[in-house]
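> structure, please.
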Amino acid sequence: MEGERVVKGKLTYLVCMLSIMSVILVGCASSTQEKSTTKTPDHYLQMTDDAGRNVVLEQKPQRIVVLSTSFLDVLYGVGGKAVGRPSSKTPQTFPTQQDIPEVGFIYNVNVEQVLTLQPDLIIGFQGIHDKLIPTFESSKIPVMILKMRTYDDILAKVKLFGEIAGTQDQAEKLLAAMQANINEVTAKLPNQSKKVIILHATAKNVTVELEHSIAGNVAAILKLKNIAAGSTPIAGDSETTPYSLEKLVEGDADAILVVTMGNMAEIEKRMKADIESNPAWGGLRAVKTGQVFFLPAELFQLNPGIRFHESVEYMAKVMYPEVYGNVK
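Here you go, the predicted model:
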């Protein structure tokens, strides 16, 4: 009997400890999900946006204006709709987007046009539309300022937009499809990885992209070694670090990937001239083997959003054409 009581006592102690630990773990999880949304009888949705602001939607929004094309695609991808969209030089992903009134390009929003549409929610991009917050809030319009660069960011926004639109089931299906597409690519990865350097080239200068850039994140998913990983970022920009030819030579990557911002033909011409005129460039393994690739801006400069799997597949073809086939 005494032994039985001891055993029961130990089991009771173990159950209590597991219960305490589960509470602690739930508490820890909650503390790391500061941007999670909540719904109560008092309001439709409440969340903390990526600018750290508390945003409350009293009712399900019916007139949403989206100031970023990437966010617009996510909203329509989960079955939502908007009454205003940014102007764009590229074709709309969803045909029904074409008929939505435009409110100016992402960097030059027409505030008056936005207000004319009488929105009950405005969704802007962090770092671009923060300055518009006071204007819209003065008109008592809820504003969400969000960021979206990495794959994890995109997954979080798909879930959030499903909650905003009230289409959680469709959002879950989209998430599953996106992950399945990426799994299909990563399942074929060779055992031997490669080293890459990712250059961000504009008409004026060149920097090096880190892990939190779009291309850097895609490279990480493909288990490529970014030789710039861990470098000190440029002040105010967590995605890039200063360009150094010496470090480029030292890292001697298997491939050089170039993300362009601006006229790709002009940037490519200038970079090729630099390579031909500088002996240090000519000595790089990637240059000698012809492994210098210019990545399309629509997949690596602009955020691909729900097309992120296309960015993964594109880079996989560039790096391992023998496995995935050549880029078209």
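
> what's the end-to-end length of stretch 71-85?
Distance across stretch 71-85, first residue to last, is 10 Å (CA to CA, to the nearest Å).

> distance between the helix or strand harbouring Leu199 and the chain's centre?
Secondary-structure assignment from DSSP states H and E places Leu199 in strand 195-202. Taking CA atoms, centre = their mean, to the nearest Å, the mean C-alpha location of strand 195-202 is offset from the chain mean by 18 Å.

> nearest the geometric middle of this protein, what residue?
With distances taken as CA atoms, centre = their mean, Arg149 lies nearest the centre of the chain, 2.4 Å away.

> hang on, it in a strand?
No - the assignment for Arg149 (DSSP: H, G, I helix; E, B strand; the rest coil) gives coil, which keeps it out of a strand.

> show me the contacts for Gln301.
With contacts taken as CB atoms under 8 Å, 6 or more residues apart in numbering, Gln301 has the following neighbours: Ile214, Val259, Thr260, Met261. All C-beta atoms are positioned from the backbone trio N, CA, C, and that covers glycine.

> got these as JSON lines, with secondary structure, pLDDT and neighbour count columns?
Formatted as JSON lines, the entries for the contacts of Gln301 read as follows, by DSSP: H, G, I helix; E, B strand; the rest coil; pLDDT from 0 to 100; neighbours: other CB atoms under 10 Å:
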{"residue": "Ile214", "secondary structure": "helix", "pLDDT": "95", "neighbour count": "26"}
{"residue": "Val259", "secondary structure": "strand", "pLDDT": "93", "neighbour count": "24"}
{"residue": "Thr260", "secondary structure": "strand", "pLDDT": "88", "neighbour count": "22"}
{"residue": "Met261", "secondary structure": "strand", "pLDDT": "85", "neighbour count": "15"}
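
> closest one of those residues to Glu112?
Closest approach to Glu112 among the contacts of Gln301 (CB to CB): Met261, at 28.8 Å.

> can you pull out the strands in this protein?
Per DSSP state E, the chain has strands spanning 38-40, 43-48, 54-57, 64-66, 121-125, 143-146, 195-202, 206-209, 225-226, 240-242, 255-261, 292-295. These are given in chain order.

> winner for burial among the ones you listed?
Looking across the strands of the chain with neighbours counted as mean count of other CB atoms under 10 Å, the highest average goes to strand 64-66: a mean of 27.

> ok, back up a step: please produce a markdown table containing the strands of the chain, extended by distance to Val109.
Shown next, in a markdown table, are the strands of the chain (distance: least, CB to CB, whole Å):
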| stretch | distance to Val109 |
| --- | --- |
| strand 38-40 | 29 |
| strand 43-48 | 22 |
| strand 54-57 | 19 |
| strand 64-66 | 9 |
| strand 121-125 | 8 |
| strand 143-146 | 12 |
| strand 195-202 | 23 |
| strand 206-209 | 27 |
| strand 225-226 | 34 |
| strand 240-242 | 25 |
| strand 255-261 | 20 |
| strand 292-295 | 28 |
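
> least reliable of those going by mean pLDDT?
Within these, confidence is poorest for strand 38-40, with a mean of 68 (mean pLDDT).

> rewinding a little: next, the contact list for the residue nearest to the centre of the chain, please.
Residues near Arg149 by CB under 8 Å, 6+ apart: His212, Ser213, Ile214, Asn217, Glu239, Asn303.

> just checking, which of those residues belong to helices?
Secondary-structure check on the contacts of Arg149 using DSSP state H: residues within helices are Ile214, Asn217.

> quick check, nearest of the contacts of Arg149 to Gln179?
Out of the contacts of Arg149, the one with the shortest distance to Gln179 is Asn217. That distance is 14.8 Å, counting by CB to CB.

> before we move on, back to that, so what does the residue nearest to the centre of the chain look like in phi/psi?
As for Arg149, its main-chain torsions (degrees, to the nearest 10) stand at phi -120, psi -50.

> from Val185, how far off is it?
Taking CB to CB, to the nearest Å as the measure, Arg149 and Val185 are separated by 20 Å.

> what does Leu210 give?
22 Å.

> contact partners for Gly104?
Taking CB under 8 Å, 6+ apart as the contact definition, Gly104 lies against Pro86, Ser87, Asn110, Gln113.

> can I assume the last one is in contact with Ser87?
By that I understand Gln113. No - taking CB atoms under 8 Å as the definition, Gln113 is not a contact partner of Ser87, at 10.2 Å.

> find residues that contact each of these two.
What both Gln113 and Ser87 touch, as defined by CB under 8 Å, 6+ apart, is the set Glu102, Val103, Gly104.

> can you put the residues you listed in a markdown table and add pLDDT and distance to Ala273?
Formatted as a markdown table, these follow (pLDDT from 0 to 100; distance: CB to CB, whole Å):
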| residue | pLDDT | distance to Ala273 |
| --- | --- | --- |
| Glu102 | 96 | 38 |
| Val103 | 97 | 40 |
| Gly104 | 96 | 36 |
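
> good, wrapping up.
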